[in-house]
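K.L.:
Sequence and computational prediction follow.
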Amino acid sequence: MKKSRGFTLIELLVVISIISILSVVGFVSFQNVRKSAQDAKIRADLDAIKKAYETNFVVDATHPQGAYQPLLGSNFVGGKIPTPDGTSNTSYFVIGPDAANPNNNNFLVCGPLKGFTGSCTGELPNQCHCISSSGGSGTAVYSLTDTTNIRKVFVTNASYGGRFSSGGLSGLSVVDNTCQSTADGLSLGGQWKAWVSSSTSSVSSRFTKSNAPYQLLDGTTIANNWSDLVSGTLRHAINLDENGNLISSSAHVWTGTAADGSSTNYNCTNWTSNSSNGSLGDPNVATSNWTALSGNYLCAGSDDHLYCFQQ
């Protein structure tokens, strides 16, 4: 009877090595195909953004990006402004035009290629692809944000003591209701909350974090989105009240809130008492002092305003 012969150790190692090499080659090929598909999507997105801008060019318009009207999600087939990874965590960039020259229609739309995770702004690296308009470029850099759901902001014309009470209730809910009733009185629509924090509930934990711009009632952008809002500084001071009037240059605002949206823990005993201290902001500045002036202030005998944010 003939004996069957098995594989030697060397033969097994050779087979395993070949399988490993084929697996690595297959994985690399798959990754390259995947990156090529992603790059093709990004190129198509950039072309769609370029065309959307060019169909919204209005000579002598005064929009933030020169003569181009802000893009809306409705400008695109998918109903939202495209992004490199399909989420709101990344963004394409428009470089130029110069907002000071509304007749300038030159710009670049840029996005990352080959899995590049850096920023496609300033000195453009080789990993970024850009599509230009009619032959030009610009200097200002903008992150594309969806302006479909703009959040409105104002500072109240009325001023208040540090203790908020109404109908037997007091505290944070009454502060929020102050903003809500002010907005309702002018038919501004939506849900409104005050930019104030308590010891147990900070602005950062209780606000709806929007990817759309935050704007004054006259359309001036104070922040491009939530991350921009809590970055430490604003793009413009929150200095217009609910009627569109400039607030007094000596006005202050109750906040109890740091620039990153966290609580300072100075909040007039959670806005229920005039016998303690609270944090104030300055509505006429765009530095971190807009929400957190140094020190803390007596709640008694101090009448100050509120920042109201649409949610």
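P.N.:
Okay, I see it.

K.L.:
When you work out contacts or count neighbours from here on, use the C-alpha atoms and nothing else.
P.N.:
Will do.

K.L.:
middle-most residue in this protein, spatially?
P.N.:
What sits nearest the mean C-alpha location of the chain, by Cα atoms, centre = their mean, is residue 225, with 1.9 Å.

K.L.:
so who does that one touch?
P.N.:
Residue 225 sits next to 145, 209, 210, 211, 212, 213, 214 when contact means Cα atoms under 8 Å, 6 or more residues apart in numbering.

K.L.:
Which among those residues count as buried?
P.N.:
Neighbour-count burial within the contacts of residue 225 applies to 145, 210, 211, 212, 213, 214; the criterion is 16 or more other Cα atoms under 10 Å.

K.L.:
ok, how many other residues are close to residue 183?
P.N.:
23 (other Cα atoms under 10 Å).

K.L.:
Run the chain-centre distance for the one helix or strand residue 178 maps to.
P.N.:
According to DSSP states H and E, residue 178 maps onto helix 172-185. On the basis of Cα atoms, centre = their mean, to the nearest Å, the separation between the geometric centre of helix 172-185 and that of its chain is 24 Å.

K.L.:
Can you give me the buried ones in it?
P.N.:
Within helix 172-185, the residues scored as buried using 16+ other Cα under 10 Å are 172, 174, 175, 176, 177, 178, 179, 180, 182, 183.

K.L.:
circling back: distance of the residue nearest to the centre of the chain from residue 78?
P.N.:
Relative to residue 78, residue 225 is positioned 21 Å away (Cα to Cα, to the nearest Å).

K.L.:
what's the longest helix along the chain packed up against?
P.N.:
Scanning the chain for the helix with the most residues, using DSSP state H, yields helix 9-54. When contacts are defined as 3 or more Cα pairs under 8 Å, 6 or more residues apart in numbering; DSSP states H and E, helix 9-54 sits against strand 108-112, strand 128-132.

K.L.:
Next, the angle from that helix to strand 108-112.
P.N.:
Our comparison of helix 9-54 with strand 108-112, counting by axes from the mean of the first three to the mean of the last three Cα atoms, to 10 degrees, yields an angle of 160 degrees.

K.L.:
Who are the contact partners of the spatially closest residue to residue 189 that is not a sequence neighbour?
P.N.:
Of all residues not flanking residue 189 in the chain, residue 183 sits nearest, at 7.0 Å (Cα to Cα, 6 or more residues apart in numbering). Under the criterion of Cα under 8 Å, 6+ apart, the contact partners of residue 183 comprise 189, 192, 242.

K.L.:
Quick one: those residues as JSON lines, columns for distance to residue 91 too.
P.N.:
Formatted as JSON lines, the contacts of residue 183 follow (distance: Cα to Cα, whole Å):
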{"residue": "189", "distance to residue 91": "29"}
{"residue": "192", "distance to residue 91": "28"}
{"residue": "242", "distance to residue 91": "32"}
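
K.L.:
Between those, identify the one with the most neighbours.
P.N.:
For these, neighbours were counted by other Cα under 10 Å; the highest total belongs to residue 192, with 24 neighbours.

K.L.:
Tally up the residues packed near the spatially closest residue to it that is not a sequence neighbour, please.
P.N.:
Nearest residue to residue 192 in three dimensions, chain neighbours excluded: residue 310, at 4.5 Å (Cα to Cα, 6+ apart). Residue 310 has 23 neighbours, counted by other Cα under 10 Å.

K.L.:
is it true that residue 310 touches residue 188?
P.N.:
No: with contact taken as Cα atoms under 8 Å, residue 310 and residue 188 are classed as non-touching, separated by 9.0 Å.

K.L.:
which ones are touching residue 159?
P.N.:
Listed by Cα under 8 Å, 6+ apart, the contact partners of residue 159 are 303, 304, 305, 306.

K.L.:
Show me where the stretch 151-300 of the chain has its helices.
P.N.:
Secondary structure of the stretch 151-300 of the chain by DSSP state H, counting those that start in this stretch: the helices cover 172-185, 203-206, 226-229, 268-271.

K.L.:
Thought residue 166 was touching residue 174, still the case?
P.N.:
Yes: at 6.6 Å, residue 174 counts as touching residue 166 under the criterion of Cα under 8 Å.

K.L.:
Point out where the stretch 151-300 of the chain drops to low pLDDT.
P.N.:
Across the stretch 151-300 of the chain, the stretches falling below the confidence threshold (pLDDT under 70) are 168.

K.L.:
make it 80
P.N.:
For the stretch 151-300 of the chain, the stretches with pLDDT under 80 are 166-170, 211-212, 219, 224.

K.L.:
quick one: the strands in it?
P.N.:
Listed in chain order, the strands of the stretch 151-300 of the chain (DSSP state E, counting those that start in this stretch) span residues 151-155, 165-166, 169-170, 192-194, 214-216, 221-223, 253-254, 277-278, 280-281, 297-298.

K.L.:
No further queries at this time; thank you.
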